[in-house]
Structures are given as structure tokens and as C-alpha cells.
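In: Let's see this in three dimensions:
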Amino acid sequence: MPDWRTRLQLDYHDPVSGQDITISPIDSFSPTFGTTADVLHSIEQTHIGAIFSPQTITFSLTVKAIGPIVGELTALAMNRTPFKVTLHETNDGHDWAFVRVVLDNCIITSAQPTTATPTGAPQATFSGFSLSAIADPKDRPEAKIP
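Out: Sure thing, here's the model as predicted:
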């Protein structure tokens, strides 16, 4: 059984204090990378090339609505504050395929809290997009969008 040493961390730069703020813990995180390409055809020949559309990066993250986390994310959304999402291994982790994945210049576009119930903490799901990303696999060169 692996000894997991990875963590999901959300960082943003606070323009008022000038400091980087970390929001943690995050229950789930689902990034989506779109690298759409269409086949270019010709009267003389099929499949002569490809037309690439701009790459897109969207995400959703879910946090428990306890402590200051949901309030901080809501403030980021309402103030339109860009932030970055960083997924990385801690000090001596060796169980993940990536050194780090970073979504930079993220903007939250929607928030959806769940209903509060007598059992368990409510959750809030935040969705948004990122203007750039870096994936740093352990055995390959770093990949960037754009």
C-alpha cells in the first residue's frame, strides 16, 4: 500500500497584505484540459492537416463549509481575484507521477453550496477556469499551456 504524501493546496496572492495565502484542505479537485483539433480536408485528398483550437482549462473544487475556507473562496470569486492551484508532493513523497501540477491565473465563475443537514458538514463546489497551466512529470520534460 502506498504511503501517500501528496496534498492539494490552493494558493492566492493577497494584494492588500502582499502575501501568498494558502487555503486548505480541499476535498476534491477535477481539472479538465481541452486541446481540440479538427481534421482539414481538401477536394484532392482527405486528412491533409489539422486545425487546432485554443486550449482550455476548467476546474471544479469542493471544500467542506467549515472554518474560513468557503468564505475565502467566496471572497476570491466576488472580488475577481486571480489565484493559482498547486498540486504537489510533500518533502519526501515518491508515490505520484508528477512533481507538481500548477493551474495559474484561475478565476472562479460559479459557486454551489449544498444544503446544511443535521449529519455531516455541508460542502461547497466552486467552478472556474485557468489561463495557464504547468504539468511537471517525473520522467518527462515540463509541459505548459499556453
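In: what does stretch 132-143 rub up against?
Out: For stretch 132-143, contacts defined as C-beta atoms under 8 Å, 6 or more residues apart in numbering pick out 31, 33, 57, 97-105, 144-146. Bear in mind the C-beta positions are built from the backbone N, C-alpha and C, glycine included.
In: Output the below-cut-off pLDDT ranges for this protein.
Out: Applying pLDDT under 70 to the chain flags the ranges 1-8, 90-95.
In: repeat that for 90
Out: Applying pLDDT under 90 to the chain flags the ranges 1-31, 33-48, 53-56, 63-73, 75-76, 81, 83-102, 113-121, 135-140, 143-146.
In: Let me see the ranges of the strands in it.
Out: 6-14, 19-23, 28-34, 37-40, 49-52, 56-64, 83-89, 98-113, 123-137, 143-145 (DSSP state E).
In: for the second one, packing partners?
Out: The helices and strands touching strand 19-23, judged by 3 or more C-beta pairs under 8 Å, 6 or more residues apart in numbering; DSSP states H and E, are strand 6-14, helix 69-79.
In: So for residue 61, which of the ones you listed sits nearest?
Out: In terms of C-beta to C-beta, the element of those nearest to residue 61 is strand 6-14, at 7.2 Å.
In: ok so, going back, buried subset of the contacts of stretch 132-143 as a PyMOL selection?
Out: Buried subset of these, written as a PyMOL selection, criterion 16 or more other C-beta atoms under 10 Å:
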select buried, resi 31+57+101+102+103+104+145
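In: now, which of the contacts of stretch 132-143 sits nearest residue 73?
Out: Closest approach between those and residue 73, by C-beta to C-beta: residue 103, at 14.4 Å.
In: The closest one against residue 84, yeah?
Out: Yes: under the criterion of C-beta atoms under 8 Å, residue 103 makes contact with residue 84 at 6.4 Å.
In: Identify the contacts common to those two.
Out: By C-beta under 8 Å, 6+ apart, no residue touches both residue 103 and residue 84.
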